[in-house]
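1. A predicted structure for the sequence below; I have some questions about it.
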Amino acid sequence: MKLRTFRIGGVHPEENKLTDDAVTQVAALPKQAIFPLSQHIGAPAKPVVKKGDKVKVGTMIAEAGGFVSAPVYSSVSGTVFKIDTVFDATGYRQPVIIINVEGDEWEETIDRSDKLETLSAHPELTPEEIVERIKVAGVTGMGGAGFPTFIKLCPPPTAKAECVIINGVECEPYITSDYRLMLEHADEILVGLELLMKASKVTKGYIGIEENKPAAIKLLTEKTAGNPNIEIVPLAQKYPQGGEKQLVDAVIRRQVPAPPAIPVNVGAIVQNVGTAYAVYQAVMKRKPLFERYTTVTGKKLKNPGNYLVRMGTPMRDLIDVCGGMPEGDNKVLAGGPMMGKALNNIDVPVCKGTNSITVLTDDDAKRKTPQPCIRCAKCVSACPMGLEPYLLATASSLHDWDRVEKEDITSCIECGSCQFTCPAHRPMLDNIRLGKSTVMGIIRARNAKK
Amino acid sequence: MNKLIVSLSPHAHGNDSVERNMYGVIIALIPALLVSFWYFGLGSVVVCASSIAACVFFEWAITKYLMGKEPSITDGSAILTGLLLGFNLPSNLPVWIILIGALVAIGVGKMSFGGLGCNPFNPALVGRCFLLVSFPVQMTSWPVTGQLTKYLDAETAATPLSIMKHAIKSGDASVLDKLPDSMSLLLGNPGVNNGAGTIGEICALALLLGLAYMLWKKIITWHIPVSILATVFVFSGLLNVANPVYSNPVSVLFSGGLMLGAIFMATDYVTSPMTGKGQIIYGVSIGVLTVVIRNWGAYPEGMSFAILIMNAFTPLINTYVKPKRFGEVKKEAKK
Amino acid sequence: MDFILSAVIVLGGIALVAAVILYVCSKKFAVYEDPRLGTVLEALPGANCGGCGYPGCSGMADALVKAADKGSLEGLNCPVGGAETMGKVADLLGMAMANTEPMVAVVRCNGTCELRPKTTEYGGLRTCTAMNACGAGETACGFGCLGCGDCVSACKFDAIHMNEETGLPEVDEEKCTSCGACVSACPRHIIELRKKGPKNRRVYVRCVNKDKGAVAMKACKAACIGCGKCAKECPFEAITIVNNVSYIDYNKCKLCRKCEAVCPTNAIVAVNFPPRKPKVEAPATGEEVKAEPAKASVESNKKETEA
């Protein structure tokens, strides 16, 4: 049987899943934990503690700063050292709360037992109650972008949700944190999915997993054998299948129209497996989001592995646990090599969206010299959104904003397939991003005028 | 201290390169090159070697001295242009004409527009057509295959294409009996039955091998060659059914530069459209134009003119034929 | 003979018909254009740089003519042509010239390769906008020059160039027309248009780093640390410190150079002044760290004077 996948474009990067057999370990507590106030899309959180305050594991230290926002919880117990700005991953300064770690004392409200709580055992959970608990626990998308989860569960009145799709694709090379999570916490993820389905009042749930994770597909298929409402969908391997729109296309054969449409406009709510797990923890165990699964990987790292990390742990600590930074000039990414962000500074903490820390070394770390475009059209056939990257890149570099807007630059999902496939090594996505952000600015200004 | 390297994503690359594609096409041309050595011997060696050498030299000299840039002849594009130009010439062409052809191909066809990636027309075809109109006698006398040691003094004969043209002009279908059978057209026909033509077009099978290799290595997509060949087959088949003075479609497919053009010249990255849809429009138009020029034009061969004409339309096709955007169907359905 | 005759008749006939059509069209479809528009346009430099805020010189000419009809040229200025051009235009339109002072683009960053060590290596597209979007650039300073030369490519007058040695752009005062293209091209807003000043003499703060003193100092030895000494020293209240950066208001500055002398990091520079006479009671520059960059800035002053 031919496996399902999305229908336009796509590329096949080398997998490099170095850590798919590495059982998740619990990372050591840091000496000092750093909590950025803006770990999600939307307004930054507002601090509710002050210097010198004692906090426990699971104490709220910053509350949501608006509707599209999420609170931040402490992952450690100790004293608030200061509320200040520090250099973030990009090298700019950002407000953070720094806590000196003392002991490991948890809030009493958190259920720390391993007992599996099923939805049928808790009929008192209404959809509103579930959404409220998710919102309070500060759960955001765990796949990278970090959109507050509860907003996705309350679609605009014009759209009606029909199914929840759990994203277990993990199409990025190197990363294995979602895969390990699926193997180690399959039951919790399935309960999480049921909670999400109940919260969004739908009866159908899918879990999309790429074929390169047969163990996860097998395990989850067995566990859902008696449940007709949940379907495990094995998908053919292709990047960027983990993109929301691509996943919806692959699983339920519906294409989300151009922005501002979102997946729920075609009836789908997409959540990452990490988010499903976090939802389970938040609703059933009353445990706010302060821990996550993270892969620390790289070809030259001595012991790459998967870790259960308290948020706020500096990335340098994790890299040191894995054998320290390799010799020479390296590139350290928060995320995988296709969409990850290169760090200016490795003292930044693990946040809600840090699914991986990837250390690229030697030639992998450097880009090749660009050559003239030979118009081979490989970027056009690789683009999963059906755009013409060569044209967008050229027009953006010439600042022809009207043209790029007409060519639908705002549909670009910045997956990097064009640049990945370009034989001339052109920095296409750099130019396209520039064009996209400028055009978005122009559109916003125009809408503001209206 | 170790520095951290930063840049925007993506940080991985598929290891494809301009060189890989250019040398891939050259590898795909090797079967045809070997076959041409087998059929034309010395003449083929001299013509191909001088054409490649001249193209590489002109590219190097022009980039270095006229454009003042670092020469980039290692990317293989000049070698490819030279080889394709050589393939489009008769094997008894004097070296000085080849030099002129190479200068026009590289100098006018490619570098005057800014070099690799900027030329609107296929440089090898610019060179060939320039020679065709400047030296019509030398460019249309085709040595018969099998004269391995002869170069300038090789005996010439009419090509299958000129036989077809003659049949149409005279309105006498029996002229077509002189055509070699399809099998020998496919294999190249050693020395008998008027096996004559340019260096590269002589063996259709070798060119098809090249096509298979390029498709396997994903250097080109099927759209252009398939659409050209199918169009020519269908169009000339219809003509053949309507009036037997037009040759049968299989012979048309295997004779002349059609294979060479459809597989290697029309698929040139720089001068062909960017989308699958556009490539099919481009291929079908080339097919129709080729048959029209071959049957009713002044020259027996129409492939190179057809490709050049469609090269000129490529920017237009690129402007109006867009790939299917993600989610587009939905949007239209809602309206 | 027949050939020649027929050729002459045919071609001549075509020419005649075409001429008649052209004549009729030019009369019939003529558009009235204010005659002043042409003359004003001629007086403008014709660079179409957009420095005036209008789309090219013809847009400016249109605006000038309309302004003249309303009675005042106030607020309209061609930064390229300067007072001379505006004077000409005012004469043509029979108006009084609006008063404008010559300006020049000034680069407010002194983070040379030496003073501001590189901490990271940027491997992407080499334009400032792309680098700025990617992060803080190659140094620890998140405010200073990125060194990819977006300003250089934005300049239509060849008046700004990268200095390979320092990695910073330098403005050619002779060529700079203060059109402001570089100001808007710089994603970090380092370049500012300042009054050219008498004899081209200017005093300004060559830093925009808003970090606290210690952090700024760690990133770049030439950073303004916001210590406020200059503001205290200034007798004309021209200096303000906002967000840890000192700023000199060029309308209040009287070019006394007192601030330059007290700046501990030499972030304040005075250009095109004659070299100071060696004074015995010159402000204490005893510390070695201070002495070094002081020399450097004198040298750079010389360079600018030569340029």
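-> Ah, there it is. Residues are numbered from 1 along each chain as shown, chains lettered A, B, ... in the order given.
2. going forward, measure contacts and count neighbours with C-alpha atoms only.
-> OK.
3. helix, strand or coil for the closest residue to chain B within chain A?
-> Nearest residue of chain A to chain B: A:Pro423, at 3.7 Å (Cα to the nearest Cα). Per DSSP: H, G, I helix; E, B strand; the rest coil, the secondary structure class of A:Pro423 is coil.
4. again with A:Lys299
-> Going by three-state DSSP: A:Lys299 is coil.
5. A:Thr358 is in contact with that one, correct?
-> No: using Cα atoms under 8 Å, A:Lys299 makes no contact with A:Thr358, being 9.0 Å away.
6. so those two - more neighbours on which side?
-> The neighbour comparison of A:Lys299 against A:Thr358 (other Cα atoms under 10 Å in any protein chain shown) goes to A:Thr358, with 27 against 18.
7. if I look at that one, what pLDDT would I see?
-> pLDDT for A:Thr358: 93.
8. which other helices and strands does the strand or helix carrying it contact?
-> Assessed by DSSP states H and E, A:Thr358 sits inside strand A:356-360. Strand A:356-360 sits against strand A:291-297, strand A:331-334, with contacts defined as 3 or more Cα pairs under 8 Å, 6 or more residues apart in numbering or on different chains; DSSP states H and E.
9. check the offset of that strand from the chain's centre.
-> Mean C-alpha position of strand A:356-360 versus that of the full chain (Cα atoms, centre = their mean, to the nearest Å) differs by 15 Å.
10. wait, does the next helix or strand after it contact chain C?
-> As assigned by DSSP H and E, the chain's next helix or strand after strand A:356-360 is helix A:362-365. No: judged by Cα under 8 Å from any Cα of the partner chain, helix A:362-365 stays clear of chain C, getting no closer than 8.7 Å.
11. residues making contact with helix A:362-365?
-> Helix A:362-365 is contacted by residues A:Gly328, A:Asp329, A:Asn330, A:Lys331, B:Ile5, B:His11, B:Ala12 when judged by Cα atoms under 8 Å, 6 or more residues apart in numbering or on different chains.
12. following element in sequence after it, please.
-> Per DSSP H and E, the helix or strand that comes after helix A:362-365 is helix A:378-382.
13. what packs against that following helix?
-> Using 3+ Cα pairs under 8 Å, 6+ apart, helix A:378-382 sits against helix A:389-397, helix A:417-421.
14. quick one: buried residues of the helix or strand of chain A with the lowest mean pLDDT?
-> Ranked by mean pLDDT, DSSP states H and E, the weakest helix or strand in chain A is helix A:362-365, scoring a mean of 84. Neighbour-count burial for helix A:362-365 flags A:Asp364, A:Ala365 (criterion: 16 or more other Cα atoms under 10 Å in any protein chain shown).
15. anything in stretch B:65-85 near chain A?
-> No: shown here: stretch B:65-85 not in contact with chain A (Cα under 8 Å from any Cα), separated by at least 9.7 Å.
16. picking that back up, among the helices and strands packed on helix A:378-382, which is the most enclosed?
-> Greatest average neighbour count among the helices and strands packed on helix A:378-382 goes to helix A:417-421 (a mean of 29), per mean count of other Cα atoms under 10 Å in any protein chain shown.
17. pLDDT on that one, on average?
-> 94.
18. within range of chain A, give me the residues from the stretch 201-335 of chain B.
-> Contact residues, the stretch 201-335 of chain B versus chain A (Cα under 8 Å from any Cα): B:269-271, B:274-275, B:323-328, B:330-331.
19. can I have the buried ones of these as a ChimeraX selection?
-> ChimeraX command restricting those to the buried ones, with burial defined by 16+ other Cα under 10 Å:
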select /B:269,270,271,274,275,323,325,326,327
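20. excluding its backbone neighbours, what's nearest the residue of the stretch 151-300 of chain C found nearest chain B?
-> When scored by Cα to the nearest Cα, the stretch 151-300 of chain C has C:Ala219 as its residue closest to chain B, at 14.8 Å. Leaving out its chain neighbours, the residue that sits closest to C:Ala219 by Cα to Cα, 6 or more residues apart in numbering or on different chains is C:Ala140, at 4.9 Å.
21. give me the local confidence score for that neighbour.
-> Reading off the model, C:Ala140 has pLDDT 82.
22. hang on, it packs against C:Met217?
-> No: checked against Cα under 8 Å, the pair C:Ala140 and C:Met217 is beyond contact range at 10.1 Å.
23. neighbours of the residue nearest to B:Ile219 when sequence neighbours are not counted, just the number please.
-> In this structure, B:Ile219 finds its nearest non-sequential neighbour in B:Asn21, 6.0 Å apart by Cα to Cα, 6+ apart. Neighbours of B:Asn21 under the rule other Cα under 10 Å: 22.
24. contact partners of the one helix or strand B:Asn21 maps to?
-> Assessed by DSSP H and E, B:Asn21 sits inside helix B:18-40. Contact with helix B:18-40 is made by A:374, A:423-424, B:44-45, B:74-77, B:80, B:91, B:144-148, B:190, B:199-200, B:202-203, B:206-207, B:209-211, B:213-214, B:217, B:219, B:264, as judged by Cα under 8 Å, 6+ apart.
25. what residues sit buried inside that helix?
-> Applying 16+ other Cα under 10 Å to helix B:18-40 flags B:18, B:20-40 as buried.
26. and for stretch B:150-164?
-> Buried residues in stretch B:150-164, defined by neighbour count with 16+ other Cα under 10 Å: B:Lys150, B:Tyr151, B:Ala154, B:Thr156, B:Ala157, B:Ala158, B:Thr159, B:Pro160, B:Leu161, B:Ser162, B:Ile163, B:Met164.
27. and the nearest residue to A:Val136 once chain neighbours are set aside, backbone torsions?
-> Of all residues not flanking A:Val136 in the chain, A:Pro71 sits nearest, at 7.2 Å (Cα to Cα, 6+ apart). Dihedral pair for A:Pro71: phi -70, psi 160, per degrees, to the nearest 10.
28. C:Ala140 and C:Met217 - which one has more neighbours?
-> C:Ala140 (23 against 19).
29. now do that one against chain B, distance only.
-> C:Ala140 sits 12 Å away from chain B, going by Cα to the nearest Cα, to the nearest Å.
30. next up, the contacts around that residue.
-> Contacts of C:Ala140 (Cα under 8 Å, 6+ apart): A:Gly91, C:Arg116, C:Pro117, C:Lys118, C:Thr119, C:Ala219, C:Cys220.
31. out of those, which end up buried?
-> Buried by 16+ other Cα under 10 Å: A:Gly91, C:Arg116, C:Pro117, C:Lys118, C:Thr119, C:Ala219, C:Cys220, out of the contacts of C:Ala140.
32. list the contacts for the first one?
-> Going by Cα under 8 Å, 6+ apart, A:Gly91 touches A:Leu343, A:Asn344, A:Asn345, C:Gly135, C:Ala136, C:Gly137, C:Ala140, C:Gly142.
33. would you list those in TSV and tack on secondary structure?
-> Supplementary listing: the contacts of A:Gly91 in TSV, determined by three-state DSSP:
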residue	secondary structure
A:Leu343	coil
A:Asn344	coil
A:Asn345	coil
C:Gly135	coil
C:Ala136	coil
C:Gly137	coil
C:Ala140	coil
C:Gly142	coil
